[in-house]
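In: requesting a structural model of the entry that follows:
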Amino acid sequence: MLNVVPIFGWLLDIGFKISLAIPFWIIWVGFGIGDTYFDFLPAIYRNPGFWDCVGVFIVVPIIYGIFVPTIVSVNQSVEKK
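Out: Numbers count the residues shown, from 1 in each chain. This next block holds a predicted model:
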(Lines give C-alpha, C1' and ligand atoms only; values in the text may rest on other atoms or scores of the structure.)
Protein backbone atom coordinates (compact mmCIF):
# COMPACT_ATOMS: atom_id res chain seq x y z
CA MET A 1 0.00 0.00 0.00
CA LEU A 2 2.91 2.39 0.65
CA ASN A 3 4.06 2.08 -2.96
CA VAL A 4 0.75 3.38 -4.32
CA VAL A 5 0.99 6.88 -2.86
CA PRO A 6 4.53 7.97 -2.03
CA ILE A 7 3.49 10.66 0.45
CA PHE A 8 5.90 9.35 3.09
CA GLY A 9 8.81 9.69 0.67
CA TRP A 10 7.71 13.19 -0.35
CA LEU A 11 7.60 14.26 3.29
CA LEU A 12 11.04 12.80 3.91
CA ASP A 13 12.35 14.61 0.83
CA ILE A 14 10.88 17.94 1.95
CA GLY A 15 12.42 17.45 5.40
CA PHE A 16 15.76 16.69 3.79
CA LYS A 17 15.54 19.78 1.57
CA ILE A 18 14.69 21.96 4.56
CA SER A 19 17.68 20.58 6.44
CA LEU A 20 19.89 21.44 3.45
CA ALA A 21 18.43 24.93 3.13
CA ILE A 22 19.07 25.89 6.76
CA PRO A 23 22.90 26.03 6.61
CA PHE A 24 22.83 27.43 3.07
CA TRP A 25 20.55 30.29 4.11
CA ILE A 26 22.54 31.02 7.28
CA ILE A 27 25.80 31.18 5.34
CA TRP A 28 24.38 33.07 2.35
CA VAL A 29 22.29 35.66 4.22
CA GLY A 30 23.45 35.52 7.83
CA PHE A 31 27.17 35.64 7.17
CA GLY A 32 26.67 37.94 4.17
CA ILE A 33 28.31 35.78 1.50
CA GLY A 34 25.69 36.92 -1.02
CA ASP A 35 26.28 40.62 -0.36
CA THR A 36 30.06 40.32 -0.15
CA TYR A 37 30.94 38.17 -3.13
CA PHE A 38 27.87 38.41 -5.37
CA ASP A 39 27.19 42.15 -5.32
CA PHE A 40 26.59 42.07 -9.09
CA LEU A 41 23.36 40.11 -8.53
CA PRO A 42 20.04 41.85 -7.89
CA ALA A 43 19.10 42.27 -4.22
CA ILE A 44 16.42 39.57 -4.43
CA TYR A 45 19.15 36.97 -5.11
CA ARG A 46 21.60 38.34 -2.56
CA ASN A 47 19.09 38.25 0.31
CA PRO A 48 16.51 35.55 -0.43
CA GLY A 49 13.97 34.44 2.12
CA PHE A 50 14.35 31.08 3.80
CA TRP A 51 11.36 29.50 2.04
CA ASP A 52 12.68 30.78 -1.29
CA CYS A 53 15.85 28.78 -0.63
CA VAL A 54 13.80 25.70 0.23
CA GLY A 55 11.90 26.16 -3.03
CA VAL A 56 15.15 26.32 -4.99
CA PHE A 57 16.37 23.13 -3.34
CA ILE A 58 13.11 21.43 -4.36
CA VAL A 59 12.88 22.76 -7.93
CA VAL A 60 16.50 22.40 -9.11
CA PRO A 61 16.61 18.55 -8.94
CA ILE A 62 13.27 18.37 -10.75
CA ILE A 63 14.52 20.59 -13.58
CA TYR A 64 17.81 18.68 -13.65
CA GLY A 65 15.94 15.40 -14.00
CA ILE A 66 13.91 16.75 -16.90
CA PHE A 67 16.68 18.33 -18.97
CA VAL A 68 19.75 16.18 -18.26
CA PRO A 69 19.51 12.80 -19.93
CA THR A 70 20.37 9.67 -18.03
CA ILE A 71 22.72 7.11 -19.49
CA VAL A 72 21.20 3.67 -19.49
CA SER A 73 23.42 0.67 -19.96
CA VAL A 74 21.82 -2.59 -20.99
CA ASN A 75 24.09 -5.58 -20.72
CA GLN A 76 22.76 -8.81 -22.09
CA SER A 77 24.76 -11.90 -21.56
CA VAL A 78 23.91 -15.06 -23.37
CA GLU A 79 25.11 -18.26 -21.82
CA LYS A 80 26.01 -21.05 -24.20
CA LYS A 81 25.85 -24.60 -22.96
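In: residues in contact with the nearest residue to residue 41 once chain neighbours are set aside?
Out: Spatially, and ignoring its direct neighbours in sequence, residue 41 is nearest to residue 34 (7.3 Å; Cβ to Cβ, 6 or more residues apart in numbering). Heads up, the C-betas are built off the backbone N, CA and C, glycines and all. Contacts of residue 34 were listed using Cβ atoms under 8 Å, 6 or more residues apart in numbering, and they are 28, 41, 45, 46, 47, 48.
In: what's the spacing between residue 10 and residue 16?
Out: Distance, residue 10 to residue 16, by Cβ to Cβ, to the nearest Å: 11 Å.
In: please apply the same query to residue 51.
Out: 16 Å.
In: and if you look at residue 39?
Out: Where residue 16 is concerned, residue 39 sits at a distance of 31 Å (Cβ to Cβ).
In: you'd agree residue 17 is up against residue 54?
Out: Yes: the criterion here is Cβ atoms under 8 Å, and residue 17 meets it with residue 54 at 5.9 Å.
In: quick one, helices of this protein?
Out: Assigned by DSSP state H, the helices in the chain fall at 7-25, 33-37, 43-46, 50-67.
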